[in-house]
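J.: Got a sequence here, can you model it:
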Amino acid sequence: MVFFHKYLAFLAWSLMLLLYGCASSNGAKDLLVVESPEDMGKLRSQELKLMMTPEKAEFHPDYQVIEKVSVPFVPEYRIGPGDVIETIYHIRYDEIAEDYRLEVQDKISVNFPFHPQFNSTVMVRPDGKVSLPLVGDVQAASLSPRELAEKLNLLYSKYLVDPKITVALEDFNVKIKELKRSITTAPRGQSKVAPVTPDGRISLPLIGNLQAEGLTIREFEEIVNREYSKQIRNLHVTIVLLEIHHAKFYVLGEVGRPGVYEMPSRINLLDALAMAEGLKKTGNPDEVLVIRNDGLERPMAFRVNISKMLKNPQNYADVKVHPADIIYVPKTRLDSINEALERIFTRGLYTLLPFQSVFSVNYNIRR
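T.: Residues are numbered from 1 along each chain as shown. A predicted model of the protein is given here:
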């Protein structure tokens, strides 16, 4: 619901363009009606006429031309529930000039060459400290072994003359070893593939659940690297979007189950209506309205006569549903586009969409 109002405003603005374009004519009566195979060619011609070409894109503020292809200026993609994210781990093994810094769970040996009775092998505790004879708890995390030895020599000089203590690493990079155990079992190597849960979070090794929904890939990558840097210093991760949640279309009006539906694959109009449990007895099969904006320079609308379509469905297999299509089944004949839009908003989108967790209609003009 975070972006609901913004996208709803985009949708209203775009449909007003459609309304303006039809206002000077006879409204819905001038819309293309698809009820014969010949009408399919007319529909395709209308779509081609509105298709954004490189020539049009050069003069359109919302498009750019890349490799002679018109491409819309679109906002950065934001992660949503159902997306599949891969976290690739880059562990740095290259030689660095700075000293190694002790971390939690590192194991060290503290050696007293002249007083071996005090020799100890200890592990850095979660609070970053180690426990040693005579001096008790000593902060060790974030210190290099040399710095810790200097600190211990100073502390033990109260009890021993010139103790000459040395500190050696016994087991280190424990966090990296733990991380590698959790990620190298996967077939993709040193990476973790995880879906975004319905509550918008992703679970990653060592750092747990992180909020991902609503963030761009770059923003989420920065958060993940920041969280891992609190535990592991020589690690960098790259976030890759493996899968995105399916595009959606909208079925409104006199159908069994109005709502927002996912498009796991390209489907035709009859499939879409079947997903919405078909037309009610009160629905008018001769006046099904489709409003489309996918890849077009401005929204378009057309009517489909489902009664004739059902008699020869093979002739209408190419009446495909596009991402963000709005399919509206009225009760009666649509005498004007104004009437259709009024029905869609007051009895359709406004009543339906507030109950949806994500509203991703692509009717924005991208300004």
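J.: Contact partners for residue 244?
T.: 77, 80, 83 (CB atoms under 8 Å, 6 or more residues apart in numbering). Yep, even glycine has a C-beta here, placed from its N, CA and C like the rest.
J.: Break the chain down into its domains, please.
T.: Under the assignment automatic domain parsing, the domains of the chain span 4-70+246-355, 84-95+175-243, 107-171.
J.: which stretch among these comes nearest residue 101?
T.: Taking CB to CB, domain 107-171 is the member of the domains of the chain nearest to residue 101, at 5.4 Å.
J.: in this structure, which spans are helices?
T.: Remark: helices assigned in the chain by DSSP state H are 4-23, 37-50, 54-57, 145-156, 174-183, 217-229, 269-275, 306-311, 337-344, 350-352.
J.: before we move on, back to that, looking at the contacts of residue 244, state which has the most neighbours.
T.: Most neighbours among the contacts of residue 244, by other CB atoms under 10 Å: residue 83, with 21 neighbours.
J.: Next up, the contacts around it.
T.: Taking CB under 8 Å, 6+ apart, one finds 195-196, 212, 241, 243-245 in contact with residue 83.
J.: go again using 10 Å as the cut-off
T.: By CB atoms under 10 Å, 6 or more residues apart in numbering, residue 83 lies in contact with 77, 194-196, 200, 202, 212-213, 217, 241-245.
J.: what's the answer for residue 213, then?
T.: So residue 213 contacts 2, 78-81, 83, 196-202, 220, 357-358 (CB under 10 Å, 6+ apart).
J.: Put the buried members of those into a ChimeraX selection.
T.: Selection of buried members from the contacts of residue 213 for ChimeraX, criterion 16 or more other CB atoms under 10 Å:
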select :78,79,80,81,83,196,200,201,202,220,358
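J.: And the contacts of residue 213, which two are furthest apart?
T.: 220 and 357 (19.0 Å).
J.: distance of the residue nearest to residue 168 when sequence neighbours are not counted from residue 170?
T.: Excluding the flanking residues, the one nearest residue 168 by CB to CB, 6 or more residues apart in numbering is residue 109, at 4.8 Å. Residue 109 sits 5 Å away from residue 170, taking CB to CB, to the nearest Å as the criterion.
J.: Also residue 241?
T.: 41 Å.
J.: do residue 62 as well
T.: From residue 62 across to residue 170, the span is 62 Å (CB to CB).
J.: which of these two has more neighbours?
T.: residue 62 (14 against 11).
J.: what are the phi and psi angles of that one?
T.: Dihedral pair for residue 62: phi -100, psi 10, per degrees, to the nearest 10.
J.: follow-up on the earlier one: how about a markdown table for the contacts of residue 244, with pLDDT added?
T.: Formatted as a markdown table, the contacts of residue 244 follow (pLDDT from 0 to 100):
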| residue | pLDDT |
| --- | --- |
| 77 | 76 |
| 80 | 78 |
| 83 | 86 |
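J.: and of the residues you listed, the nearest to residue 190?
T.: residue 83 (21.2 Å).
J.: Return the distance of that closest one relative to residue 240.
T.: Distance, residue 83 to residue 240, using CB to CB: 11 Å.
J.: okay, and the common contacts of the two?
T.: residue 217.
J.: hey, where'd the strands end up in the stretch 1-150 of the chain?
T.: Along the stretch 1-150 of the chain, the stretches classed as strands by DSSP state E, counting those that start in this stretch are 33-34, 63-66, 69-72, 84-91, 107-111, 120-123, 129-132, 136-139.
J.: Which of those strands sits closest to residue 275?
T.: Closest among the strands of the stretch 1-150 of the chain, using CB to CB: strand 33-34, at 19.5 Å.
J.: quick one: contacts of the closest one?
T.: For strand 33-34, using CB under 10 Å, 6+ apart, the contacting residues are 39-40, 42-43, 269, 286-288, 290, 302-306, 308-309, 316, 319.
J.: just the buried members of those?
T.: Among the contacts of strand 33-34, those classed as buried by 16+ other CB under 10 Å are 39, 43, 269, 286-288, 290, 302-306, 308-309, 316, 319.
J.: Which residue is the nearest non-sequential neighbour of the residue nearest the centre of the chain?
T.: For the chain, the residue nearest the mean C-alpha position is residue 79 (1.8 Å; CA atoms, centre = their mean). Leaving aside its chain neighbours, residue 79 sits nearest to residue 212 (4.7 Å; criterion: CB to CB, 6+ apart).
J.: Model confidence at the one you found, what's the number?
T.: Per-residue pLDDT puts residue 212 at 91.
J.: What is the burial count for it?
T.: 25.
J.: Just to check, residue 249 is in contact with residue 293?
T.: No: between residue 249 and residue 293 there is no contact, the gap being 11.5 Å when judged by CB atoms under 10 Å.
J.: can you list residues touching both of those two?
T.: 322-326, 361.
J.: what are the phi and psi angles of the residue nearest to residue 79?
T.: Torsion angles, degrees, to the nearest 10, at residue 212: phi -120, psi -30.
J.: And it, how far from residue 82?
T.: For residue 212, the distance to residue 82 - CB to CB - is 11 Å.
J.: overlap in contacts of the two?
T.: 196-197.
J.: Compute the distance between the closest residue to residue 121 other than its chain neighbours and residue 163, please.
T.: Leaving aside its chain neighbours, residue 121 sits nearest to residue 109 (4.8 Å; criterion: CB to CB, 6+ apart). Residue 109 sits at a distance of 15 Å from residue 163 (criterion: CB to CB).
J.: Comparing the two, which shows the higher neighbour count?
T.: residue 163 (20 against 14).
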